[in-house]
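>>> Sequence and computational prediction follow.
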Amino acid sequence: MEKIYTIPVNEAFSESAESPECGCPFCTIFNKLEDNELDLILGAAMMEPDTRIQTNKQGFCRTHYDMMFVRKNRLGMALMLESHLDELREETRRSGITGILTKPGVKASKRIGELEQSCYVCGRIDFHFKHMIETAVLLWDSDPDFPAKFDSQPYFCLPHFKMMLDYAQYRLAKKRYSEFAKQAEAVEFKYFDKLREDISWFCKKFDYRYEDEPWKDSKDAVERAIKFLDSDLHNYRGDKKKG
């Protein structure tokens, strides 16, 4: 029986199996998680005291500032920024005994350095996404219907392919891991070979000797190679063009 935490994984794998243009199912999962988190932070969660404490402390990365901005809730952003700026100013200024005993700029440099490494939305996504990767591995191991769905994936982007193998090695028995890795590699290297063929043909099309030949599947080979090598993230919502 399907459980609530398996639904997003099954849905993403079904979408990619039915429509190969959806690409890596884990990229789809990541983008949906991100979309949900951004809706939450600009919605009811924005005014919750516990959430505001965390956003004041962690801030946001530039990617998520930009993605919140295009959602057109500038008042919501401004309210968060107001309290974040107030708290950050207090945390970075020299004051009291501490200010006397430390060199100018030390406190500010330390706090800004911490802020550069943190993002409230990234942290939330990372927590949930790791569980989604693990869920996919466990579904493969326990759900008799999932391996066929797994085998029908167009590909896994390389960063998520690595994460999946790492979790599988940790979670599965040695023999089962070998079976899992073999099936995952079969999916991956089939696409690897096709992508390499398409990239090669794309290059040849710029040679005058091939100018009258058809493009075959190579017209978008460069874009597909980038998505394969470095994931296809931050594009789920219509505010930013998908693809």
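Cool, the structure landed. Numbers count the residues shown, from 1 in each chain.
>>> and stretch 29-46, average pLDDT?
Mean pLDDT, computed over stretch 29-46, is 91.
>>> Same check on stretch 87-101?
For stretch 87-101, mean pLDDT is 65.
>>> And stretch 130-138, by the same measure?
96.
>>> Just the buried positions in it, please.
Judged by neighbour count (16 or more other CB atoms under 10 Å), stretch 130-138 contains these buried residues: 132-138. No exception for glycine: its C-beta is placed from N, CA and C like everyone else's.
>>> One more: stretch 207-218?
So for stretch 207-218, counting by 16+ other CB under 10 Å, buried means S218.
>>> C-terminal to the helix or strand harbouring L195, what's the next element?
L195 is part of helix 174-204 when elements are defined by DSSP states H and E. Scanning forward in sequence from helix 174-204 by DSSP H and E, the next helix or strand is helix 221-230.
>>> now for that following helix, which elements pack on it?
For helix 221-230, the contact count by 3 or more CB pairs under 8 Å, 6 or more residues apart in numbering; DSSP states H and E identifies helix 158-171, helix 174-204 as packing neighbours.
>>> Among those, which comes closest to K149?
Distance to K149, taken as CB to CB, is lowest for helix 174-204 among those, at 11.2 Å.
>>> one step back: can you give me the angle the helix holding L195 makes with helix 221-230?
On the basis of axes from the mean of the first three to the mean of the last three CA atoms, to 10 degrees, helix 174-204 is oriented at 150 degrees to helix 221-230.
>>> same for helix 174-204, what does it pack against?
helix 120-142, helix 146-151, helix 158-171, helix 221-230.
>>> for stretch 185-192, what is the average pLDDT?
Here the average pLDDT along stretch 185-192 is 97.
>>> Most tightly packed of the helices and strands packed on helix 221-230?
helix 158-171 (a mean of 17; mean count of other CB atoms under 10 Å).
>>> and it, how far out from the chain's middle?
Centroid separation between helix 158-171 and its chain, computed with CA atoms, centre = their mean, to the nearest Å, is 15 Å.
>>> quick one: it to helix 221-230, angle?
30 degrees.
>>> give me the number of residues near Y120?
A count of nearby residues for Y120, using other CB atoms under 10 Å, gives 21.
>>> what's near enough to touch the residue nearest to it when sequence neighbours are not counted?
Spatial nearest neighbour of Y120, chain neighbours left out: Q58 (4.4 Å); criterion: CB to CB, 6 or more residues apart in numbering. Q58 makes contacts with 115, 118-120, 123, as judged by CB atoms under 8 Å, 6 or more residues apart in numbering.
>>> Could you rerun that using 7 Å?
118-120, 123 (CB atoms under 7 Å, 6 or more residues apart in numbering).
>>> same thing with G23?
Here G23 is in contact with 16, 154, 227, 232 (criterion: CB under 7 Å, 6+ apart).
>>> wait, isn't H160 in contact with P25?
No - the criterion here is CB atoms under 7 Å, and H160 misses it with P25 at 8.5 Å.
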